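*Asks:* Sequence and predicted model, in that order:
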Amino acid sequence: MPPKPRPHGKSRHPGPPRGGTDRTRLLVFGAVGLALVLAIAIGAVMAFGGGSASAATALDQAGCTLVEKPALRGVHSITTPTGTSPLWNTNPPTSGPHYEIPAVYGSYTAPLNLAQLVHNLEHGGIYILYGPGVPDATVAQLQSFYDNHTRGTILAPLPSLGNKIALGAWTTKDANDPTNGTAHLAKCTSFDEKAFGAFFDDFQFQGPERFPPNTLLPGHN
């Protein structure tokens, strides 16, 4: 509707001074704007790696456990592919000392050397390991998931896991600060696509040595 014409002359009942009204409006708009900025900032932090809340929530809802520990220093101090380190702080290991040559990315039916897998995690890869007690139908689900996430992923059995599945990753917040990282290990007794996808979305390709994803291809290490 077009504005009503203003009467000429002075009103006998003038409203509040315009300056006070404008200041009130500015304060209200400023508060609303600040709230919007904070909401956007929080959303951005959660969406772009500021924390692992999305993976933790999805894994918890799927009945999995997620252990996160300060990452150990990555050094090539294990001199044979089959070697181990007493310093490893998760089982299976997710950071720290490793063998100098990573494992070849791919899907396997035989166990791999853990000292090599840690090196894959350092490059930004993720492993999916499963024990002999995991049903064949679940292994088929893992294979299907792997087929859609072949870059930077290794799927292999690990006898010590029993009836569990393990997801491992090694991340740093800043690619320029490889010493300040986190080791992530999730263990599940069943496959949940949403939870596994959240783990990959949050942690893959964020290792302390960030190799380009298109170089972490099946058949390569």
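*Replies:* Ah, there it is.
*Asks:* C-alpha from now on. contacts and neighbour counts both.
*Replies:* Noted.
*Asks:* Val104: which element?
*Replies:* Val104 belongs to no helix or strand when elements are defined using DSSP states H and E.
*Asks:* so who does it touch?
*Replies:* 218-221 (CA atoms under 8 Å, 6 or more residues apart in numbering).
*Asks:* Can you tell me how far it is from Ile128?
*Replies:* 14 Å (CA to CA, to the nearest Å).
*Asks:* Next secondary structure after the lowest-mean-pLDDT helix or strand in the chain?
*Replies:* For the chain, counting by mean pLDDT, DSSP states H and E, helix 18-47 ranks last in confidence among helices and strands (a mean of 42). Using DSSP H and E, the next helix or strand after helix 18-47 towards the C-terminus is helix 53-61.
*Asks:* Give me the mean pLDDT for that following helix.
*Replies:* If you average the pLDDT over helix 53-61, you get 93.
*Asks:* Now do the buried residues in it.
*Replies:* For helix 53-61, a neighbour-count test (16 or more other CA atoms under 10 Å) marks 54-56, 58-59 as buried.
*Asks:* Which one of these is nearest to Arg210?
*Replies:* Arg210 lies nearest to Ala55 out of the buried residues of helix 53-61, by CA to CA, at 20.5 Å.
*Asks:* surely that closest one meets Asp192?
*Replies:* No: using CA atoms under 8 Å as the test, Ala55 is too far from Asp192 to be in contact (11.9 Å).
*Asks:* Can you check the pLDDT for the spatially most central residue of the chain?
*Replies:* The centroid of the chain falls nearest to Asp202 when counting by CA atoms, centre = their mean (1.9 Å). With respect to pLDDT, Asp202 scores 97.
*Asks:* That one belongs to a helix?
*Replies:* Yes: under DSSP: H, G, I helix; E, B strand; the rest coil, Asp202 falls within a helix.
*Asks:* so it touches Thr57, yeah?
*Replies:* No: applying CA under 8 Å as the test, Asp202 and Thr57 come out as separate, 11.8 Å apart.
*Asks:* Which residue is the nearest non-sequential neighbour of Glu68?
*Replies:* Closest residue to Glu68 apart from its sequence neighbours, by CA to CA, 6 or more residues apart in numbering: His184 at 4.6 Å.
*Asks:* Quick check: mean pLDDT of the strand or helix carrying that neighbour?
*Replies:* His184 belongs to strand 181-188 when assigned by DSSP H and E. The average pLDDT within strand 181-188 is 98.
*Asks:* Quickly run through the sheet partners of it, with directions.
*Replies:* strand 65-70 (antiparallel), strand 165-172 (antiparallel) (DSSP bridges).
*Asks:* deepest of these, which one?
*Replies:* strand 165-172 (a mean of 27; mean count of other CA atoms under 10 Å).
*Asks:* Centre of the chain to it, how far?
*Replies:* 9 Å (CA atoms, centre = their mean, to the nearest Å).
*Asks:* Having no further points to raise, I will conclude here.
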